[in-house]
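**Student:** Structure of the sequence below:
(one chain, ligands or ions: 1)
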Amino acid sequence: MKEKETSEIAVIQEISTAVVHERNVEELLNRVLEILNRKMGMLRGTFTLLHGDVLAIEASQGLDENEKKRGRYRLGEGITGQVAASGKPALIADIAKDKRFLDRTGARGRDGHTAFLCVPVWRNERVVGTLSIDRRNDTPGVDLEQDLRMLEIIGNLTADAVAVRQQEIEERETLLEENKRLRSALDTTETPGELIGNCRTMQKIYELIRQVAPTNATVLIRGSSGTGKELVANAIRMLSPRADKPFIAFNCAALPENLVESELFGYEKGAFTGAIARRIGRAEAADGGTLFLDEIGDLSLPIQVKLLRFIQERTFSRLGGNAELKTDVRLLAATSRNLEELMAQGRFREDLYYRLNIFPIVLPDLKNRRSDIMLLAEHFVAKFNLKYGKSIRRFSTPAINMLMAYHWPGNVRELENCIERAVLTASDDSIHGYNLPMSLQTAKDSGIEQPVAEGTKVPFNTLVASFERELIVDALKRNNGNMSAAARDLGLSPRVIHYKINQHGVTPEWYKQRPSRRRAQE
Ligand SMILES: Nc1ncnc2c1ncn2[C@@H]1O[C@H](COP(=O)(O)OP(=O)(O)OP(=O)(O)O)[C@@H](O)[C@H]1O
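**Tutor:** This is a model prediction of the structure:
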C-alpha cells in the first residue's frame, strides 16, 4: 500500500474513533479539525452549519474569534455558499486566482500557494452544513483531488454530529424566542405596543390583544378614525410569534378601485398596459408575517370575493396570471365603517363579514375615555419635547379644562396634532389655553364648561373618573407636586392617593412649580 493511502486510513481511523467516543458535539467537531491539521497538514479548517439560508462557522482551526464571526455566508454566496446550495464539492487550486473566493473571515494572504477545498455535509438527503480546509498547493506529492475525496468521507462520517449540533442550536433559538414572547405577553403591567391609556375599556382591550396575539386568528379592529386601530394591529403583531417577520399594511381606501387588486395580489408582465414586469403584491410580500388591511369596508364587491377566497384557502392569483399561489399570512383587518349597515345595503358580503368578524376588538372614541385625555396629552408633550428640543413640563388649569371639555371628533389623532401645535407655539415651560386651537377655545369661551360636549352621552363612571383626576391634579398643583401634602389636602391616605395617581396616570412632577414661574401659571 502506498504511504499516502496508509496515512489516510490512519486519519479516518482516528476520526471514526472520535465520532464513536466523543459525546460532546462541539468538542468532536474541533477534534476532527485538529486531526486534519495534525495529520493532513491543512492550514485552516472550518465546519459551517446551515440555519435558514445562512451558513455560520460552528467550529474552526486557525481562525480567531473575530475571523470566525465574520465568516457568514448566504446560500449561494461565495464558494461555501455555492457548495451548500448545489450540494457539490469545490476545489480551488489557488485562491489568489479565483474571484468567487470571498475571504470573508479576512484570514488569508493571497500568496499564490493556498488551495481551498470545500465539501457539503449531507444528512437525510439535505445539506446541513459544509466542511472546508485550506492547504498548501506546492507541497511535494500533494494531490488535491484525492484530498477532496478524503474530505467527503470525513464529511459523511461527521454528518450525524453536525446535524445534532444544528438541531441543538435551532432548538435553543426557538426556546429563547418563545421565552421572550411569553414574557412580554405575560407582562400585564406594561401596555402592549405603543398604546397609551388606563381606562377600563382600554384595559379590556389590552387583555383581548394579549389573548389573541399568540394565535393565528384573524382580528377585526373597529373604531372611529384616529382611535388607534393601526397601533392595535402593531401591538398584536409585536406580541405574536410573527413579531420579527414582515408587517405589511395596506389601506384599501387609499387607491382607485382598479388598482387595489394588483396592489394586493400583484400582477404578471403584460397583465395591462404598463405592466412591463411581474410585480408581487402585498399578500405575497407579507409571506410568513402579518398582513394588515385597513379600511376594509371600502373594498369593492369583486375584490371582496377574491379576499374571501384568500381568507378561506390562502390562495390567490396575480392579475393576468392563472397560477394558483399560496402565501402564509396572519390577517388583521380594520374599519371605521359600519359593516352591518353596509351589509344591509348589499355593499359588503355577508360571508366575508363572518370570516373577518371572528375576533372583533372595538376601540372607544376619545370622548368616551375622558380619564385618558390628560395621560395621552402628557405622553404627546414628552414625544414632541423630544422632537422639537423643548422642555415643557405642565399644563395650565384653563388648558386642562379645555382639553377635558372638548368632544374630540378626530379622536387621539386630533389630540396628538393639537399637542404638537401647542408644544411648537409654547413660549415658556407650560401649555396655556392660548396655545390650543380655536375650536377648543371656542368651546370654553362660549361657556360650555361642562366636561362633555352637548348631545353626547358619557357613562357616569367616566365622568366620576375625570372629576376625580381633576381633584387630584388641583391638589397637586396647590401643593407644589407634593403627593403627601395633596393627600392630606384631600383627606386621603398616602396609599390611596398613590393608587389613584397610578390609576389615572398622573405625573406629580408636572405640578412642581419653581417660585419664579408661579406667576406665569394662569
Ligand atoms: N392609545 C393610543 N396611545 C398612543 N397613541 C395613540 C393611541 N391611539 C392613537 N394614537 C395615535 O394617534 C394617531 C392615529 O392612530 P391610528 O393611525 O392607529 O388610528 P386609526 O384608528 O388607524 O385611524 P384611521 O382609521 O384614520 O386609519 C397615531 O399617531 C397614533 O400613534
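**Student:** element containing residue 104?
**Tutor:** Residue 104 is part of no helix or strand, with elements assigned from DSSP states H and E.
**Student:** Residue of the stretch 51-200 of the chain closest to the ligand, please.
**Tutor:** Of the residues in the stretch 51-200 of the chain, the one nearest the ligand is residue 196, at a distance of 3.6 Å by CB to the nearest ligand atom. Heads up, the C-betas are built off the backbone N, CA and C, glycines and all.
**Student:** where's residue 230 relative to residue 332, distance?
**Tutor:** Per CB to CB, to the nearest Å, residue 230 is found 10 Å from residue 332.
**Student:** sorry, that was for residue 162
**Tutor:** To residue 332, residue 162 is 40 Å away according to CB to CB.
**Student:** okay, the two: which has more neighbours?
**Tutor:** Legend: neighbour count by other CB atoms under 10 Å for residue 162 and residue 332, higher for residue 332 (30 against 27).
**Student:** That one is in contact with residue 237, isn't it?
**Tutor:** Yes. The pair residue 332 and residue 237 passes the contact test of CB atoms under 8 Å, sitting 7.4 Å apart.
**Student:** Name the residues contacting each of the two.
**Tutor:** Residues within reach of residue 332 and of residue 237 at once, by CB atoms under 8 Å, 6 or more residues apart in numbering, are 290, 292.
**Student:** contacts for stretch 198-208?
**Tutor:** Stretch 198-208 is contacted by residues 188, 191-192, 195, 232, 359, 361, 363-364, 368-369, 371-372, 375, 461-462, 465, 503-505 when judged by CB under 8 Å, 6+ apart.
**Student:** Which ones among those lie within strands?
**Tutor:** For the contacts of stretch 198-208, the ones inside strands are residue 361, with DSSP state E as the criterion.
**Student:** out of the contacts of stretch 198-208, which are buried?
**Tutor:** Under a neighbour-count criterion of 16 or more other CB atoms under 10 Å, the subset of those counted as buried comprises 191-192, 195, 232, 359, 361, 363-364, 368-369, 371-372, 375, 462, 465, 504-505.
**Student:** anything in contact with each of residue 230 and residue 332?
**Tutor:** Shared contacts of residue 230 and residue 332, defined by CB under 8 Å, 6+ apart, comprise residue 292.
**Student:** I'd like the distance between residue 481 and the ligand.
**Tutor:** Relative to the ligand, residue 481 is positioned 24 Å away (criterion: CB to the nearest ligand atom, to the nearest Å).
**Student:** pretty sure residue 177 is in a helix, no?
**Tutor:** Yes. Checked against DSSP: H, G, I helix; E, B strand; the rest coil, residue 177 lies within a helix.
**Student:** what's around it, how many residues?
**Tutor:** By the measure other CB under 10 Å, the count of residues near residue 177 is 13.
**Student:** Give me the pLDDT for it.
**Tutor:** Per-residue pLDDT puts residue 177 at 74.
**Student:** List the contacts of it.
**Tutor:** Residue 177 is in contact with residue 241, counting by CB under 8 Å, 6+ apart.
**Student:** what's around the residue of the stretch 51-200 of the chain closest to the ligand, how many residues?
**Tutor:** As a burial measure, the neighbour count of residue 196 was computed by other CB under 10 Å and equals 17.
**Student:** Go ahead and list the helix or strand containing the closest residue to it other than its chain neighbours.
**Tutor:** If you skip the residues right next to it in sequence, residue 196 has residue 379 as its closest partner in space, 4.8 Å away by CB to CB, 6 or more residues apart in numbering. Here residue 379, judged by DSSP H and E, is contained in helix 373-388.
**Student:** what residues does that helix touch?
**Tutor:** 196-198, 366, 390-392, 395, 400, 403-404, 408, 412, 415-416, 419-420, 423-424, 431, 466, 469, 473, 504-507, 510.
**Student:** PyMOL command for the buried members of those?
**Tutor:** Selecting the buried subset of the contacts of helix 373-388 in PyMOL, with 16+ other CB under 10 Å as the burial test, is done by:
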select buried, resi 196+197+198+366+392+395+400+403+404+408+412+415+416+419+420+423+431+466+469+473+504+505+506+507+510
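**Student:** got the contact list for whichever residue of the stretch 201-350 of the chain sits closest to the ligand?
**Tutor:** For the stretch 201-350 of the chain, the nearest residue to the ligand under the criterion CB to the nearest ligand atom is residue 228, separated by 2.5 Å. Contacts for residue 228 (CB under 8 Å, 6+ apart) come out as 195, 363, 411-412.
**Student:** Show me the residues you listed that map onto helices.
**Tutor:** 411-412 (DSSP state H).
**Student:** Residue numbers of the chain in contact with the ligand?
**Tutor:** For the chain, the residues in contact with the ligand (CB under 6 Å from any ligand atom) are 194-197, 223, 225-231, 294, 336, 412-413, 416.
**Student:** run the last query once more with 5 Å
**Tutor:** The interface of the chain toward the ligand, taken as CB under 5 Å from any ligand atom, is made up of 195-197, 225-231, 336, 412-413, 416.
**Student:** Among those, which one lies nearest to residue 87?
**Tutor:** Sorting the residues of the chain next to the ligand by distance to residue 87 puts residue 230 at the head of the list, at 44.9 Å, by CB to CB.
**Student:** Surely the closest one touches residue 334?
**Tutor:** Yes. In this structure, residue 230 is within contact of residue 334 by CB under 8 Å, at 7.0 Å.
**Student:** tell me, what's touching the two both at once?
**Tutor:** For the pair residue 230 and residue 334, residues contacting each of them under the criterion CB under 8 Å, 6+ apart are 292, 294.
**Student:** just checking, residue 421 touches residue 438?
**Tutor:** No. Under the contact definition of CB under 8 Å, residue 421 does not touch residue 438, with a separation of 11.1 Å.
**Student:** Between these two, which is the more surrounded one?
**Tutor:** In this comparison of residue 421 against residue 438, neighbours counted by other CB under 10 Å, the higher total goes to residue 421 at 14 against 8.
**Student:** count of residues packed around the closest residue to the more buried one other than its chain neighbours?
**Tutor:** If you skip the residues right next to it in sequence, residue 421 has residue 437 as its closest partner in space, 6.6 Å away by CB to CB, 6+ apart. By the other CB under 10 Å criterion, the neighbourhood of residue 437 contains 14 residues.
**Student:** Backbone dihedrals for residue 437, please?
**Tutor:** The phi and psi values for residue 437, taken as degrees, to the nearest 10, are phi -60, psi 160.
**Student:** ditto for residue 74
**Tutor:** phi -80, psi 160.
**Student:** contacting residues for the nearest residue to residue 159 once chain neighbours are set aside?
**Tutor:** On the basis of CB to CB, 6+ apart, the spatially nearest residue to residue 159 that is not a chain neighbour turns out to be residue 123, at 4.6 Å. For residue 123, the contacting residues are 159-160, 162-163, by CB under 8 Å, 6+ apart.
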